[in-house]
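**Q** how would this look folded up:
(2 chains)
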There are 2 protein chains.
Amino acid sequence: MVLQAKEFRTAEHDISEVFLNRWSPRAYADTPVAEDVLNRLFEAARWAPSAGNNQPWRFIVAKTEEDLAKFHPVLMEGNLVWAKRAPVLVLVVSDNTKGSHEFDSGTAWGFLSLQAAKEGLITHPMSGIYKDVAKEAFNIPDTFDVHLAIAIGYKGDKEMLSPELQARETPSGRRPLNEIVFEGSFK
Amino acid sequence: MVLQAKEFRTAEHDISEVFLNRWSPRAYADTPVAEDVLNRLFEAARWAPSAGNNQPWRFIVAKTEEDLAKFHPVLMEGNLVWAKRAPVLVLVVSDNTKGSHEFDSGTAWGFLSLQAAKEGLITHPMSGIYKDVAKEAFNIPDTFDVHLAIAIGYKGDKEMLSPELQARETPSGRRPLNEIVFEGSFK
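**A** Down below sits the predicted model:
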């Protein structure tokens, strides 16, 4: 089911399928994610490049009932309504004493998302979160910034979603390449 | 030659080889990068996820002699000494009016770097750049932030580097996974 994203997306140039197949569904199945599978996602993130090889990213994982309950108040209502079904939630934070820490953490999340797609997992990044709630709930020091929550799991049936969300349960498009790549000068 | 990185790196968990094989050499061969190959790198970046699908990233490409000469003063001396041999230099900038633009641009760069590794290309990200010089040289509006310069090309012989840089021409390691992944609480 996960591998159908490319049917909704057209690449202008022939790239590895994983980039098109990675998208952000909201319908999560009950199926738990095995420990070794989850470890591979973080392993991929671990090898991301960063300024001075600082590796400023940290991942806080919630997968027990207790930790998930602690995580849910971090999510804004529009995300909570569907993300509460995800078997794994992850918070991405980064060491704000390091240069480029936000940019580099985005790279690490990208690596994680692609390994997930290769595993047949779905991931959905959420910037709609209460960062202050997250800092309190997960004892995050002031030297770390909160960036993103990620829902991780297996794709479920979209009928579990509200009609409004069902209508949005397809991979999104992108700007044409000539709007993001400029030769020699910003255009 | 590019595919030997995994010999220097040990993954704790079995991930796709591309993550280990992507590293940041400094020895660039003269070989030019064909237009269609380069397009595939940006195509991969294009499909990165972003907050609200804002796609805040933009890439400014220098590959002609004239544009490369315009790019070189953007690089700090420590990078210029080797990066001036790269046949393609790219500046990553992002729309600072969009939330998470820095984080999201890091994700797009990550996607680009992996497609490059799959193509047998090498990429080297440089945060050691003069951002003000870049803004002037490439007419970047104030609503865009400059993040990163990337050298792109094919791997050359490390003997072309100074003895100091030759000694650094191997893939770097990473922190153990238990230093970046925490369950239930920041540790």
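
**Q** What about A:G156, how many residues nearby?
**A** The tally of other residues near A:G156 (other C-beta atoms under 10 Å in any protein chain shown) stands at 20. In this view, the C-beta of every residue, glycine as well, is placed from N, C-alpha and C.

**Q** Now name the helix or strand holding the closest residue to chain B within chain A.
**A** With C-beta to the nearest C-beta, the shortest gap between chain A and chain B falls at A:G106, namely 2.8 Å. Applying DSSP states H and E as the criterion places A:G106 in helix A:101-118.

**Q** what's next to the next helix or strand after that helix, contact-wise?
**A** Next helix or strand after helix A:101-118 toward the C-terminus (DSSP H and E): strand A:122-126. Applying C-beta atoms under 8 Å, 6 or more residues apart in numbering or on different chains, the contact partners of strand A:122-126 are A:2, A:22-26, A:28, A:75-76, A:79, A:83, A:86, A:109, A:112-113, A:116-117, A:148-155, B:49, B:51.

**Q** Note down every partner strand of strand A:122-126 and its orientation.
**A** strand A:144-153 (antiparallel) (DSSP bridges).

**Q** With only the CA atoms kept, save the helix or strand following the partner strand in PDB.
**A** With elements assigned by DSSP H and E, the helix or strand that comes after strand A:144-153 is helix A:163-167. Provided in PDB are the C-alpha atoms of helix A:163-167 (Å, rounded to 0.1, in the frame of the first residue of the first chain):
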ATOM      1  CA  PRO A 163     -14.100  12.400   5.600                       C
ATOM      2  CA  GLU A 164     -12.000  15.600   5.500                       C
ATOM      3  CA  LEU A 165      -8.800  13.800   6.200                       C
ATOM      4  CA  GLN A 166      -9.700  10.900   3.800                       C
ATOM      5  CA  ALA A 167      -9.800  13.500   1.100                       C
END
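
**Q** Counting by contacts, list what helix A:163-167 packs against.
**A** The helices and strands touching helix A:163-167, judged by 3 or more C-beta pairs under 8 Å, 6 or more residues apart in numbering or on different chains; DSSP states H and E, number zero.

**Q** Now with 10 Å, please.
**A** helix A:77-83 (3 or more C-beta pairs under 10 Å, 6 or more residues apart in numbering or on different chains; DSSP states H and E).

**Q** where's the helix or strand following the helix it packs on relative to the chain centroid, distance-wise?
**A** Sequence order places strand A:88-95 as the next helix or strand after helix A:77-83, per DSSP H and E. Put simply, strand A:88-95 sits 9 Å off its chain's centre (C-alpha atoms, centre = their mean, to the nearest Å).

**Q** Same check on stretch A:77-92?
**A** 11 Å.

**Q** The spatially most central residue of chain A pairs with what?
**A** Nearest to the mean C-alpha position of chain A, by C-alpha atoms, centre = their mean, lies A:P125 at 3.4 Å. Beta bridges link A:P125 to A:I150, judged by DSSP bridges.

**Q** sorry, back to before: relative orientation of the helix holding A:G106 and strand A:122-126 in degrees?
**A** With axes from the mean of the first three to the mean of the last three C-alpha atoms, to 10 degrees defining the directions, helix A:101-118 sits at 160 degrees from strand A:122-126.

**Q** Touching, A:R26 and A:D157? I think so.
**A** No - counting by C-beta atoms under 10 Å, A:R26 stays clear of A:D157, with 11.5 Å between them.

**Q** Report the set of residues contacting both of the two.
**A** A:166, A:169 (C-beta atoms under 10 Å, 6 or more residues apart in numbering or on different chains).

**Q** Provide the count of other residues in contact range of the residue of chain A closest to chain B.
**A** 33.

**Q** neighbours around A:E77, how many?
**A** A:E77 sits with 7 neighbouring residues when counted by other C-beta under 10 Å.

**Q** And for A:E66?
**A** 10.

**Q** is any part of stretch A:9-17 close to chain B?
**A** Yes - using C-beta under 10 Å from any C-beta of the partner chain, stretch A:9-17 reaches chain B at A:9, A:11-16.

**Q** Let's see the least confident helix or strand in chain A by mean pLDDT as CSV, backbone CA atoms only.
**A** In chain A, no helix or strand scores lower on mean pLDDT, DSSP states H and E than helix A:17-21, which sits at a mean of 94. C-alpha atoms of helix A:17-21 as CSV (Å, rounded to 0.1, in the frame of the first residue of the first chain):
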residue,chain,number,x,y,z
GLU,A,17,11.7,5.3,-6.3
VAL,A,18,12.1,5.7,-2.6
PHE,A,19,12.0,9.5,-2.9
LEU,A,20,8.6,9.4,-4.6
ASN,A,21,7.3,6.6,-2.4
